[in-house]
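S.K.: Just the structure for this:
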Amino acid sequence: MACPVNTPLIQICLGHSWKLTDAYGACNAMLEPGRKNVNNTSMSHDDGKPYAHEDHRLTALKAGLAAHPASDESKPDEKADAEDEARSQGAARVLGELIGAPLGGVVIGYTIDHFAHTFPLFLLIFLVIGFAVGMWNIYKLAQSMNRD
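M.R.: Numbering: from 1, shown residues only. The predicted model follows:
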């Protein structure tokens, strides 16, 4: 009997149950007693178990899982997660200080230079001040992290 549905691994043949197929789409077995598939292995229900070769593997797996119950080590460590979060926040704050303080100094210095018509003077002064303020804030942040 020809199989009307050609899917890669499973075909439905008219008048029969699900059939396993090979990679080429040929019907391997009609689940008739004693019938062999393309790989010459029995797929029948002769012994009441269609895939008896898998039973010993499943029982071994179940026994192994029962012997090793889930432990607390497999659960994520909440304390380590909190420490990682604190480190990430500290790193973000350092980056913000390194960028934000000098950038704020440049904006303030440029604004003063624009109105005072002294272009690079206050921009450079406030850039240095902003950099110094950023370094001081990072130093204070490092001291507070060492205390914790």
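
S.K.: Please count neighbours and contacts with C-alpha atoms only from this point.
M.R.: OK.

S.K.: what about this structure, any weak spots by pLDDT?
M.R.: By pLDDT under 70, the weakly predicted segments of the chain are 1-54, 70-76, 148.

S.K.: Outline the domain layout of it.
M.R.: As recorded under automatic domain parsing, the domains making up the chain are 1-45, 77-147.

S.K.: longest helix of the protein?
M.R.: helix 78-116 (DSSP state H).

S.K.: Show me what that one is packed against.
M.R.: Counting contacts by 3 or more C-alpha pairs under 8 Å, 6 or more residues apart in numbering; DSSP states H and E, helix 78-116 packs against helix 119-147.

S.K.: Report the buried residues of the helix it packs on.
M.R.: Neighbour counts over helix 119-147 (16 or more other C-alpha atoms under 10 Å) mark 122-124, 126-131, 133-135, 137-138 as buried.

S.K.: for the closest residue to residue 119 other than its chain neighbours, what are its contacts?
M.R.: If the residues on either side of it in the chain are set aside, residue 119 comes closest to residue 113, at 4.7 Å by C-alpha to C-alpha, 6 or more residues apart in numbering. When the contact criterion is C-alpha atoms under 8 Å, 6 or more residues apart in numbering, the partners of residue 113 are 119, 120, 121, 122, 123.

S.K.: is it true that the last one touches residue 104?
M.R.: Spelled out, it's residue 123. No. Look at residue 123 against residue 104 with C-alpha atoms under 8 Å: they stay out of range, at 10.3 Å.

S.K.: overlap in contacts of those two?
M.R.: Between them, residue 123 and residue 104 share no contacting residue, judged by C-alpha under 8 Å, 6+ apart.

S.K.: quick one: the longest helix of the chain to helix 119-147, angle?
M.R.: Between helix 78-116 and helix 119-147, the angle comes out at 160 degrees (axes from the mean of the first three to the mean of the last three C-alpha atoms, to 10 degrees).

S.K.: If you count neighbours, what's buried in helix 78-116?
M.R.: Across helix 78-116, burial judged by 16+ other C-alpha under 10 Å covers 90, 93-94, 97-98, 100-106, 108-110, 112-113.
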